[in-house]
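Trainee: Sequence and predicted structure, then a few things I'm wondering about:
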Amino acid sequence: MALLSTHGLTAQYGQFKALFGVDLHVDPGECVAIIGANGAGKTTLMRSITGVLRNAPEMILHNGTPIGALPADQILQRGIAMVPEGRKLFPSLSVEENLLIGGQVRKGSGRWSLNEIYALFPILKDRRHSPGTALSGGQQQMVAIGRALMSNPGLLLCDEISLGLAPVVIRDIYAALPAIRATGAAVIVVEQDISRALAVADRVYCMMEGRVTLTAPAKDVTREAIHAAYFGAAA
Amino acid sequence: MIWLDVLVQGILLGGLYALFAAGLSLVFGIMRLVNLAHGDLIVFAAFAILLITATFGLNPFLAALIAAPLMFAAGWALQRFVLNRVLGKDILPPLLCTFGLSVALQNGMLEAFSADSQRLSVGPLESASIDLGPVTVGTLPLLTFASAVAAIFVLNRIFYTTALGRAFRAVSDDPTTASLMGLDPKSVFAIATGLAMVIVTLAALYLGVRANFDPSIGPARLLYAFQAVIIGGLGSLWGTLAGGAIIGVAQTFGAQINPEWQILAGHIAFLIVLLIRPRGLFPRAVD
């Protein structure tokens, strides 16, 4: 059974429809990349899965249980954690407090604790008493990832974690992914950087205008296929 | 030495105003909710203490100890079932809602307790005083001030060193992201209002012991509380204590010059601070 699956998932903001029947699934331990241009519906998809946007219950299943209508805090309780786009650290909290609050409600049973996060990102230990927002962009992203890991999720959603970061910093961030996957967690990576996404993922979904336009194993997918799925093709 | 005495009395009076204001400051700091019924809730808590005192023949201090958890529950329920429904991007619905609550509370208390002035009696403690060399201070005002300092100290500890306080700050920063951390902002808000009502109970105790109260005096207490919060800077609890002290000192100095000027002097001090520091003395953050 899939760890998480969506079935004809639709979403809209008022009159504006953002998702038109999205079907996708993630298996336990799998890393899935979702690529697509701005406005393709990737972030709306993340907001739907995490319960920030509410849907019909059966549109999203977690281990076979309908969760589409659950609020965000109950989704987290089920072991689905999110690294939100733009990092969204709490400015009133120090680095360490930002990490602690990630594990405050759900600690889970897994590898991740404060010490393990500091082992993964040693720079955070030196900066642990700084306000979260005083850090560089890359360090803030490390805090955001660590904060999500503190609940020891079975599924980690990463929304545009490379956005606005220098390539060398992006490489450091992605270097943490194998350690995260080694705990058995499944990961969904939302990316605009296609080659980065293909390098880390087992499977890739490409979205365009609120629909999935391509599904393929990451190693088999061709540039041409992505180009067609990304921008729409005459073919 | 008369002016030193006036200064000390003013600061001690400020402790009472800080107690009025601390709950308001807490709720505003966490959920940007201006509770216009805050003063009436203080009066309500005073009647609750009075009722417990009369029913069980208890000392008001003990009665307040019983009233505090009841008021926590009332605050929790008020937030959970009423105020959470009106909180949102628009600040008008919660204002209207708490304004309505204020009117309903005043009339409800008038119906239940009549318009008669009431008082909480603590016996000889009311007139006891302590000689501190150049000035003599009343034991009760000193106790009030000490309670205000203790309450604000404890609130600050909760706010900055506990998991609950971390949750308070997180939902205050960004409720949506806080919910992604598994926090339910509405439950956190309910706990915050419950906590504010515990402070309200403490304020009610000293209000009732210090002076007469009746169902109509809530809005005036709200005004002093507002001024203390704004002088101190929104979101700063120690600032609220300073704000209370400034109003208290201004009032006692005003009264010393001319008894009619007591209330006016407090308002003038408030306006002067607003002119010089529009964001208050210790604003916590840029909102």
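Mentor: That came in fine, so what should we check first?

Trainee: what comes into contact with stretch A:222-232?
Mentor: A:35-37, A:194, A:206, A:208-209, A:213-214, A:216, A:233, A:235 (Cβ atoms under 8 Å, 6 or more residues apart in numbering or on different chains). Placement of C-beta: from N, CA and C, glycine included.

Trainee: so what's the residue of the stretch 151-287 of chain B found nearest chain A closest to, chain neighbours aside?
Mentor: Proximity of the stretch 151-287 of chain B to chain A (Cβ to the nearest Cβ) peaks at residue B:182, 3.2 Å away. Using Cβ to Cβ, 6 or more residues apart in numbering or on different chains and skipping residues adjacent in sequence, the residue nearest residue B:182 is residue A:105, 3.2 Å away.

Trainee: What segments of the chain are helices?
Mentor: This is for chain A. For chain A, applying DSSP state H gives helices covering A:42-49, A:72-77, A:95-102, A:114-120, A:122-126, A:137-149, A:167-174, A:177-182, A:194-200, A:223-231.

Trainee: please go with chain B instead
Mentor: Here chain B has its helices, by DSSP H, at B:2-31, B:38-56, B:60-78, B:84-86, B:92-113, B:139-161, B:163-173, B:175-180, B:185-210, B:218-232, B:237-257, B:262-276.

Trainee: wait, which of those helices is closest to residue A:171?
Mentor: Nearest to residue A:171 among these is helix B:175-180; the distance by Cβ to Cβ comes to 26.2 Å.

Trainee: so where's the stretch 1-150 of chain B shaky on pLDDT?
Mentor: Applying pLDDT under 70 to the stretch 1-150 of chain B flags no residue at all.

Trainee: What separation do you get for the residue of the stretch 151-287 of chain B closest to chain A and residue A:80?
Mentor: According to Cβ to Cβ, to the nearest Å, residue B:182 stands 10 Å off from residue A:80.

Trainee: Neighbour count: those two, which is higher?
Mentor: Neighbour count, other Cβ atoms under 10 Å in any protein chain shown: between residue B:182 and residue A:80, residue A:80 has more, with 28 against 22.

Trainee: What residue in chain A comes nearest to chain B?
Mentor: residue A:105 (3.2 Å).

Trainee: doesn't residue B:181 make contact with that residue?
Mentor: Yes. Contact criterion Cβ atoms under 8 Å: residue A:105 and residue B:181 qualify, at 6.6 Å.

Trainee: Residues that sit against both of these two, list them.
Mentor: Common neighbours of residue A:105 and residue B:181 (Cβ under 8 Å, 6+ apart) are A:73, A:76, A:151.

Trainee: Which residues are in contact with the nearest residue to residue A:148 once chain neighbours are set aside?
Mentor: Residue nearest to residue A:148 in three dimensions, not counting chain neighbours: residue A:81, with 4.1 Å by Cβ to Cβ, 6+ apart. Neighbouring residues of residue A:81 by Cβ under 8 Å, 6+ apart: A:102, A:148-149, A:151, A:153, A:155-157, B:180.

Trainee: returning to that earlier point: confidence score at the residue nearest to residue B:182?
Mentor: Predicted confidence (pLDDT) at residue A:105: the value is 91.

Trainee: Tell me, how many residues neighbour it?
Mentor: Residue A:105, neighbours per other Cβ under 10 Å, totals 18.

Trainee: now swap in residue B:190 and tell me
Mentor: Counted by other Cβ under 10 Å, the residues lying close to residue B:190 total 20.

Trainee: Could you do residue B:230 as well?
Mentor: What residue B:230 shows, counting by other Cβ under 10 Å, is a neighbour count of 23.

Trainee: Find me the pLDDT at the closest residue to it other than its chain neighbours, would you?
Mentor: Once flanking residues are discounted, residue B:230 sits nearest to residue B:280: 5.7 Å by Cβ to Cβ, 6+ apart. pLDDT recorded at residue B:280 is 89.

Trainee: that older thread, can the contacts of stretch A:222-232 go into a markdown table with extra columns for distance to chain B, neighbour count and pLDDT?
Mentor: Conversion of the contacts of stretch A:222-232 to a markdown table gives the following (distance: Cβ to the nearest Cβ, whole Å; neighbours: other Cβ atoms under 10 Å in any protein chain shown; pLDDT from 0 to 100):
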| residue | distance to chain B | neighbour count | pLDDT |
| --- | --- | --- | --- |
| A:35 | 22 | 26 | 92 |
| A:36 | 22 | 26 | 89 |
| A:37 | 24 | 14 | 87 |
| A:194 | 26 | 18 | 87 |
| A:206 | 25 | 26 | 93 |
| A:208 | 26 | 19 | 91 |
| A:209 | 25 | 15 | 90 |
| A:213 | 28 | 19 | 90 |
| A:214 | 28 | 17 | 90 |
| A:216 | 30 | 16 | 89 |
| A:233 | 36 | 11 | 64 |
| A:235 | 39 | 5 | 46 |
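
Trainee: Including distance to residue A:2, could the residues you listed go into JSON lines?
Mentor: Putting the contacts of stretch A:222-232 into JSON lines (distance: Cβ to Cβ, whole Å) gives the following:
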{"residue": "A:35", "distance to residue A:2": "20"}
{"residue": "A:36", "distance to residue A:2": "21"}
{"residue": "A:37", "distance to residue A:2": "26"}
{"residue": "A:194", "distance to residue A:2": "24"}
{"residue": "A:206", "distance to residue A:2": "19"}
{"residue": "A:208", "distance to residue A:2": "23"}
{"residue": "A:209", "distance to residue A:2": "25"}
{"residue": "A:213", "distance to residue A:2": "20"}
{"residue": "A:214", "distance to residue A:2": "19"}
{"residue": "A:216", "distance to residue A:2": "17"}
{"residue": "A:233", "distance to residue A:2": "29"}
{"residue": "A:235", "distance to residue A:2": "30"}
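
Trainee: Return the member of the residues you listed nearest to residue B:67.
Mentor: The closest of the contacts of stretch A:222-232, once distances to residue B:67 are taken by Cβ to Cβ, is residue A:36, at 58.2 Å.

Trainee: wait, isn't the closest one in contact with residue A:207?
Mentor: Yes. Assessed by Cβ under 8 Å, residue A:36 is found in contact with residue A:207 at 3.7 Å.

Trainee: Contacts only, for the residue nearest to residue B:182.
Mentor: Applying Cβ under 8 Å, 6+ apart to residue A:105 gives the contacts A:73, A:76-77, A:151, B:181-183.
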